[in-house]
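Enquirer: I'll drop the sequence and a predicted model, then ask my questions.
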Amino acid sequence: MFISEFLSTFARIIGRWSDASFSGGRNRQSDNTNNLYIRMFENQPKGLFALALANTGERFGYYTMLAVFALFLRANFGLEPGAAGAIYSSFLALVYFLPLVGGILADKIGYGRCVTIGIIIMFLGYVLLAVPLGGVDNGSIALPMTAMILALVLISFGTGLFKGNLQVMVGNQYDDPKYADRRDSAFSIFYMAINIGAMFAPTAAVKIMEWAQTSLGISVNDSYHFAFMVACASLILSIVIYYACRPWFKHVENTAKQQAAAGQAVEELTAEQTKKRIIALCLVFAVVIFFWMAFHQNGLTLTYFANEFVNPVSTGIQSMAFDIVNLVMIVFIVYGLFSLFQSKTAKGKVIAGAVIAAACGVLAWKYTTISPEGIRLSAPIFQQFNPFYVVALTPVSMAIFGALARKGKEPSAPRKIAYGMLVAALAYVVMAVGCIGLNSPDAQAAAADPTYASANLLIGTYLILTFGELLLSPMGISFVSKVAPPKYKGMMMGGWFVATAVGNFLVSVGGFLWGSLPLWVVWSVFVGLCLISAVFMFAMMNKLEDATK
């Protein structure tokens with residue numbers, strides 16, 4: 001009850017900040033309609049925020065675990081990089097393939113039931129990981145290895161039941177005509193919430209391990225389990241939020257068959273309409289495979305580049321970008337500016353101005369503490385930029401599409417996906433041009449005088465890639481939730497994740513290219529794939545847009 005009251009209060013604060021009604025039923029017409037897409041939180045059903053917060057907790061735990069998992073495999077079990085990579089990639093494949101199974105099951109027993117079962121199964125998996133059962137330092141790895149594999153199976157299966165079906169429930173709220181025109185903005189908010197968890201997860205994992213080692217005298221190997229405990233705690237929070245706020249979204253937990261049995265209106269499609277929609281979705285799935293193949297190079301070749309080719313020392317104002325506190329302050333400034341210009345009350349403008357001033361003050365103070373020697377960079381730190389950009393740029397992208405919507409020129413979801421592929425291609429054009437004149441990876445490893453690039457090259461590339469992601473990922477999920485036939489919503493959302501899984505599997509292509517080839521050639525491969533996919537999307541555009549009618 002306390003959590004429900006807290007979230008209601010939080011919702012009212014957001015509503016006041018943006019001078020908008022948060023209550024999930026009033027659809028203001030008049031001048032506010034022009035600002036519908038700019039005012040992110042306006043007139044959204046309360047269930048969106050509850051489901052987004054529940055998902056944020058789960059994602060925070062998942063990414064906290066993932067941030068240290070590969071290192072844990074090598075340290076605790078003494079595995080070679082190849083063996084650790086095989087376990088890691090197999091786990092990721094299961095995490096993204098099993099939502100298809102979870103979706104098919106949910107189409108039979110209900111989305112809410114699958115989400116609940118999934119949370120419980122995931123929690124059991126994280127508990128198994130959190131229990132220190134020994135490792136290579138203790139002589140035998142049979143028991144801890146068995147427990148770890150069982151934990152990964154539980155986490156991946158639980159995620160399969162939870163992840164896609166929660167997104168189906170988000171989309172189901174927008175089948176209501178009074179919310180239908182807010183579907184795309186809703187999934188942008190939902191996607192932003194995912195990345196809030198992802199942005200803080202690496203720092204949380206590192207800090208809890210450092211605390212366990214320094215304050216409790218825990219060994220490095222055993223300190224990994226404290227990071228897994230964080231995942232357990234975050235899942236508990238997700239469960240509490242989900243059930244405390246369940247009355248807000250309980251009506252969207254059921255399948256189309258269950259809704260029909262309960263007397264609720266359900267969209268009826270002919271066999272021909274159903275076939276047309278499934279074909280359109282499969283075409284989109286085929287395209288996004290190549291986006292994720294290119295995008296998730298951030299965990300492979302772009303990380304290799306950060307490790308081998310980026311100047312290992314950052315100085316001056318550039319070094320501030322690698323402090324998570326500074327990134328959070330920038331997020332506050334962005335949202336404060338939007339609130340400042342949108343607020344129609346003096347109180348709202350004062351609050352926004354105070355937030356901006358406080359954030360600028362923190363940044364100014366942090367600037368005075370910059371070390372003249374600079375800071376040494378580690379490759380994983382670059383992983384924080386993508387979720388940071390998603391959180392900071394979501395209102396910007398929505399403002400852009402809001403301006404286009406006012407002119408009647410907002411592109412459809414399939415066109416946004418195609419534009420996302422073009423933007424991803426542009427990101428790798430920047431990398432290719434920026435790497436002209438640098439050694440090949442093999443030559444760099446053997447060079448007595450290595451060639452380095454500025455960290456700004458990667459920071460800028462992640463910025464462009466994130467714009468592409470914001471066009472493709474939340475819009476793609478929104479498209480699936482809108483177009484999927486009612487009887488197959490769970491399965492179709494699972495299909496989106498299967499496409500992501502295939503794309504993740506093909507990420508390894510970048511690894512095979514990394515070696516003797518010049519860097520500009522490596523990046524040009526991804527430019528070509530993204531451009532070909534975009535051309536295919538534009539060629540199929542009429543068919544895809546027809547499916548949304």
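Expert: Thanks, I have it. Residues are numbered from 1 along each chain as shown.
Enquirer: buried ones in the host helix or strand of K275?
Expert: Assigned by DSSP states H and E, K275 belongs to helix 271-295. Using 16 or more other CB atoms under 10 Å as the test for burial, helix 271-295 gives 276-278, 280-281, 283-285, 287-295. Yep, even glycine has a C-beta here, placed from its N, CA and C like the rest.
Enquirer: same question, stretch 535-548
Expert: Buried residues in stretch 535-548, counted by 16+ other CB under 10 Å: F536, M537, F538, M540, L544, A547.
Enquirer: what does stretch 315-323 give?
Expert: Neighbour-count burial for stretch 315-323 flags Q318, S319, M320, A321, F322, D323 (criterion: 16+ other CB under 10 Å).
Enquirer: Need those in TSV (columns: secondary structure and distance to W365).
Expert: Formatted as TSV, the buried residues of stretch 315-323 follow (DSSP: H, G, I helix; E, B strand; the rest coil; distance: CB to CB, whole Å):
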residue	secondary structure	distance to W365
Q318	helix	18
S319	helix	15
M320	helix	11
A321	helix	16
F322	helix	17
D323	coil	12
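Enquirer: What is the nearest of those residues to G374?
Expert: Comparing these against G374 with CB to CB picks out S319 as the nearest, at 5.6 Å.
Enquirer: Check what pLDDT A54 gets.
Expert: As predicted, A54 sits at a pLDDT of 92.
Enquirer: Over to the one 10 residues further on?
Expert: Confidence per residue is given as pLDDT, and for T64 that number is 87.
Enquirer: ok, now how distant is it from A130?
Expert: Plainly put, T64 is 11 Å away from A130 if you go by CB to CB, to the nearest Å.
Enquirer: which residues do the two both contact?
Expert: A231 (CB atoms under 8 Å, 6 or more residues apart in numbering).
Enquirer: who's more crowded, these two?
Expert: Between T64 and A130, counted using other CB atoms under 10 Å, T64 has the larger neighbour count: 28 against 19.
Enquirer: low pLDDT regions in the stretch 151-300 of the chain?
Expert: Where the stretch 151-300 of the chain drops to pLDDT under 70, the residues are 255-268.
Enquirer: Tell me which stretches of it form helices.
Expert: 183-215, 220-244, 256-261, 271-295 (DSSP state H, counting those that start in this stretch).
Enquirer: and the ones you listed as CSV, adding distance to I532?
Expert: Shown next, in CSV, are these (distance: least, CB to CB, whole Å):
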stretch, distance to I532
helix 183-215, 26
helix 220-244, 39
helix 256-261, 36
helix 271-295, 8
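Enquirer: N386: which of those is closest?
Expert: Taking CB to CB, helix 183-215 is the member of the helices of the stretch 151-300 of the chain nearest to N386, at 7.7 Å.
Enquirer: Just the buried residues of the closest one, please?
Expert: Going by neighbour count (16+ other CB under 10 Å), the buried part of helix 183-215 is 183-206, 208-209, 212.
Enquirer: next one: stretch 246-255 to chain centre, how far?
Expert: Offset of stretch 246-255 from its chain centre (CA atoms, centre = their mean, to the nearest Å): 24 Å.
Enquirer: can you pull the pLDDT of I117?
Expert: We have a pLDDT of 94 for I117.
Enquirer: count of neighbours near the closest residue to it other than its chain neighbours?
Expert: Once flanking residues are discounted, I117 sits nearest to L161: 5.5 Å by CB to CB, 6 or more residues apart in numbering. Applying other CB under 10 Å, we find 27 residues neighbouring L161.
Enquirer: and if you look at Q342?
Expert: Neighbour number of Q342 under other CB under 10 Å is 21.
Enquirer: Give me the distance between it and A352.
Expert: To A352, Q342 is 9 Å away according to CB to CB.
Enquirer: and if you look at A484?
Expert: To A352, A484 is 39 Å away according to CB to CB.
Enquirer: Give me the more crowded residue out of these two.
Expert: More neighbours surround A484 than the other of A484 and A352, with 24 against 21 (other CB under 10 Å).
Enquirer: Can you verify my assumption that that one contacts C282?
Expert: No: with contact defined as CB atoms under 8 Å, A484 does not reach C282; the gap is 11.3 Å.
Enquirer: For S314, give me phi and psi.
Expert: phi -110, psi 130 (degrees, to the nearest 10).
Enquirer: my bad, should have said R376
Expert: The phi and psi values for R376, taken as degrees, to the nearest 10, are phi -90, psi 140.
Enquirer: quick one: contacts for it?
Expert: By CB under 8 Å, 6+ apart, R376 lies in contact with P312, V313.
Enquirer: picking that back up, nearest to I155, of the buried residues of stretch 315-323?
Expert: Taking CB to CB as the measure, I155 sits nearest to F322 out of these, at 29.9 Å.
Enquirer: pretty sure the closest one is touching G316, no?
Expert: No: taking contacts as CB under 8 Å, F322 lies outside contact range of G316: 11.9 Å.
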